[in-house]
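Student: Have a look; sequence and predicted model below, questions after that.
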Amino acid sequence: MEEIYKKIRSLRKMHDLTLKDLSEKTGLSVSFLSQVERGETSLAITSLKKIADAFAVPITDFFENESNQNFIVKLESQKPFRIEGSGAEYTRLGGNFNGRSLEPMIVTLAPGLVQDNVFSHPGEEFYFVLEGAVTFNVDGKEFLVKTGDSIHFPSNLPHFWSNPLNQTSKILCVLTPVIF
């Protein structure tokens, strides 16, 4: 995560922006942005997306990223990562090319994980449960999705997930827009 904090500060200085300027572009407070740049607070993916949008860069620029000119993502190059404050582990499955609109990932949810953030954003989401079960709450309705089942919904509906089991659950996730 330290590299992300350094990159944010570097981009801000490169764009000749003050913390106040960046605050106005992102809607995030000056004090929060200052703490982020110093690595003193965790950063939610939604906040990182706002920062990426303010600099007009893809969010993937903040993560170790190898360009894939062959459009294939070999097993050995799939590196799981975690987002601070999240109990989920993400593994990107998609190639890296201009104009892509899908974000395919494997998401591994820790036993008993309850996501406490409710999300709502443009796009759509598709999940296929590979192992275990996941409870999806979409627009106030609960759906228990078990191994072999799938769910597909517009992302503008308020949504969150949880792993109701005492074992790890693993899902294939394909969503738009691209976030990593």
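Tutor: Arrived safely, thanks for sending. Source: prediction; values computed, not measured. Residues are numbered from 1 along each chain as shown.
Student: contacts and neighbour counts: CA atoms only from here.
Tutor: Fine.
Student: give the contact list for the residue nearest in space to the middle of the chain.
Tutor: Closest to where the C-alpha atoms of the chain average out (CA atoms, centre = their mean) is residue 45, at 5.1 Å. Residues counted as contacts of residue 45 (CA atoms under 8 Å, 6 or more residues apart in numbering) are residue 83.
Student: okay, now the domains of this structure?
Tutor: 2-61, 75-176 (automatic domain parsing).
Student: any idea which helix is longest in the chain?
Tutor: helix 2-14 (DSSP state H).
Student: hang on, the earlier thing: how far away is the residue nearest to the centre of the chain from residue 124?
Tutor: 17 Å (CA to CA, to the nearest Å).
Student: Check the offset of the helix or strand bottoming out on mean pLDDT in the chain from the chain's centre.
Tutor: Within the chain, no helix or strand scores below strand 81-82, which has a mean of 82 by mean pLDDT, DSSP states H and E. Here the centre of strand 81-82 is set off from its chain's centre by 10 Å, with CA atoms, centre = their mean, to the nearest Å.
Student: same for the helix or strand just after it, what does it pack against?
Tutor: Moving toward the C-terminus from strand 81-82, the first helix or strand encountered (DSSP states H and E) is strand 88-92. On a contact count with 3 or more CA pairs under 8 Å, 6 or more residues apart in numbering; DSSP states H and E, strand 88-92 meets strand 81-82, strand 103-109.
Student: and with 10 Å instead?
Tutor: Counting contacts by 3 or more CA pairs under 10 Å, 6 or more residues apart in numbering; DSSP states H and E, strand 88-92 is packed against strand 81-82, strand 103-109, strand 169-176.
Student: Ok, which of these comes nearest residue 132?
Tutor: strand 169-176 (4.4 Å; CA to CA).
Student: circling back to that earlier point, least reliable of the domains of the chain going by mean pLDDT?
Tutor: Mean pLDDT across these is lowest at domain 2-61; the value there is a mean of 87.
Student: And for the closest residue to residue 148 other than its chain neighbours, the neighbour number?
Tutor: The shortest distance from residue 148 to any non-neighbouring residue, by CA to CA, 6 or more residues apart in numbering, is to residue 129 (5.6 Å). Per other CA atoms under 10 Å, the neighbour tally for residue 129 reads 21.
Student: I appreciate the help and will end here.
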